[in-house]
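structural data only, the sequence is not supplied:
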């Protein structure tokens, strides 16, 4: 009776702490990239933007956070987001004046004065979601202009820049404070195959770490099934093969499924793998097939991200491969980090480590992780694009579970009892919440 009660309390502790951090992040105001389509005709340059004006107007450093709720100036954003669309539109000229002062756009090295010609702000958007404005800017350039350079302001988050109306158009991805290469007005300023490949690797990685919390939890669900390498390899191989297929098909536009269907199913996939971990201690004959099916869903989710960013048409395949490799590196990083966290405990389970030293190690790691949660670390938060505790509190709980698995190593399957099952319970609860949120809320 005491043992059962103890295990129940341990599982609930994992669930409550993990859910408080991770579910809260899922509800927050996500920072989305600005998308700019640029084209020129008869000495006139047009920039058509899809942009979160309130986020840019608030002064939040959008390069440092993945969610406006995590910023020090979050209240400023919330105040702007609560304004009617016409009041936000009235403040747009001030933002444009700041851009022109940089300048945002140069033609053959000379500043281009941009003017707003149209601005559409939707009214009927849930205030908990970003409101994306469509903003059209125009400027005049000499008829013999060779090329343009875009300087994206520091702190403005990501910019997806796409040239329209020419053969061999430029497509690029800029972080805040970055400058585009020269975009030839006649076209032909495209990236090389290697440049496209290399530039999309970090885009894919970033979609997993730190932004892809649902994909992180799914991969961890695969990891916590078994302590053996072979089941993990089978699962990761099935998942990778599947999402590679649908990522390519989705990016090509051959398969299109609405996000309102894909996103809840991704949440359901998280619940399934986590719940199965609780009842199975090893790889079942059907699990790789199920994981393959879920991988098809996750690939469609990855493809929707690429749909937002766009792929350079002239270097479509290298960019797609680069993005996919970035995703794989991100997934393997998640697995590697978690393996390092539990490795010493697994060594003790196999009679290869010193139990006393291992317990001391996990106590120290737990204390360090919790201490770092209360120490201001803006640089780390900027790197993670999320509050530090969102990542460190779950790690502290894993370290605690590892300590307990060593302390009570005489019981049957201590790692599974104190680490894998509690973690899987927490993952299942979070996935279930996301499913309900994405379907009903």
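Looks like it came in fine. None of these values were measured; they are calculated from a predicted model.

residue 133 contacts residue 53, correct?
Yes: between residue 133 and residue 53 a contact is recorded at 4.8 Å, counting by CB atoms under 8 Å. (Glycine included, C-beta is placed from N, CA and C.)

any residues in contact with both of the two?
88, 121 (CB atoms under 8 Å, 6 or more residues apart in numbering).

show me which of those two is the more surrounded one.
Neighbours were counted for residue 133 and for residue 53 using other CB atoms under 10 Å; residue 53 has more, 24 against 21.

next SSE downstream of the helix or strand bottoming out on mean pLDDT in the chain?
Least confident helix or strand of the chain, by mean pLDDT, DSSP states H and E, is helix 2-27 with a mean of 43. Scanning forward in sequence from helix 2-27 by DSSP states H and E, the next helix or strand is strand 34-41.

what helices or strands is that following strand leaning on?
strand 44-51, strand 147-150, strand 159-163 (3 or more CB pairs under 8 Å, 6 or more residues apart in numbering; DSSP states H and E).

possible to save those strands as CSV with distance to residue 258 and mean neighbour count?
CSV is the format used below for the helices and strands packed on strand 34-41 (distance: least, CB to CB, whole Å; neighbours: other CB atoms under 10 Å):
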stretch, distance to residue 258, mean neighbour count
strand 44-51, 19, 18
strand 147-150, 32, 21
strand 159-163, 21, 21
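
so which of the ones you listed is nearest residue 323?
Residue 323 sits nearest to strand 159-163 of all these, at 12.8 Å, using CB to CB.

now the element after that closest one, going C-ward?
For strand 159-163, the following helix or strand on the C-terminal side (DSSP H and E) is strand 171-174.

who touches that next one?
Residues outside strand 171-174 that contact it (CB under 8 Å, 6+ apart) are 150, 152, 158-163, 180-181, 190-191, 199-200, 203, 309-313, 319.

average pLDDT across the helix or strand hosting residue 359?
Assigned by DSSP H and E, residue 359 belongs to helix 355-374. What helix 355-374 shows for mean pLDDT is 93.

so how far is that helix off the chain centroid?
With CA atoms, centre = their mean, to the nearest Å as the basis, helix 355-374 stands 28 Å off its chain's centre.

i'd like the first residue to be 889 from this point on
Right, with 889 as the first residue, what we last looked at is helix 1243-1262.

buried set for it?
1246-1247, 1249-1250, 1253-1254, 1257-1258, 1260-1261 (16 or more other CB atoms under 10 Å).

do the same with stretch 1064-1077
1064, 1066, 1068, 1071-1073, 1077.

quick revisit: any chance of the buried residues of helix 1243-1262 in CSV, with distance to residue 1131 too?
As requested, the buried residues of helix 1243-1262 are exported to CSV (distance: CB to CB, whole Å):
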residue, distance to residue 1131
1246, 36
1247, 39
1249, 35
1250, 34
1253, 32
1254, 34
1257, 31
1258, 35
1260, 33
1261, 33
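
between those residues, which is nearest residue 1033?
The closest of the buried residues of helix 1243-1262, once distances to residue 1033 are taken by CB to CB, is residue 1260, at 51.4 Å.

ok, now which ones touch that closest one?
With contacts taken as CB under 8 Å, 6+ apart, residue 1260 has the following neighbours: 1276, 1280.

10 Å instead?
Applying CB atoms under 10 Å, 6 or more residues apart in numbering, we find residue 1260 in contact with 1268, 1276-1277, 1279-1280, 1283-1284.

so which of those belong to helices?
Counted as lying in helices by DSSP state H, out of the contacts of residue 1260, are 1268, 1276-1277, 1279-1280, 1283-1284.

which among those residues end up buried?
Buried residues within those, counting neighbours by 16+ other CB under 10 Å: 1276-1277, 1279-1280, 1283-1284.

quick one, strands of this protein?
Using DSSP state E, the strands of the chain run over 922-929, 932-939, 993-995, 998-999, 1003-1008, 1021-1028, 1035-1038, 1047-1051, 1059-1062, 1071-1072.

tell me which of these lies nearest to residue 1179.
Once these are compared by CB to CB, strand 1059-1062 is nearest, at 30.3 Å.
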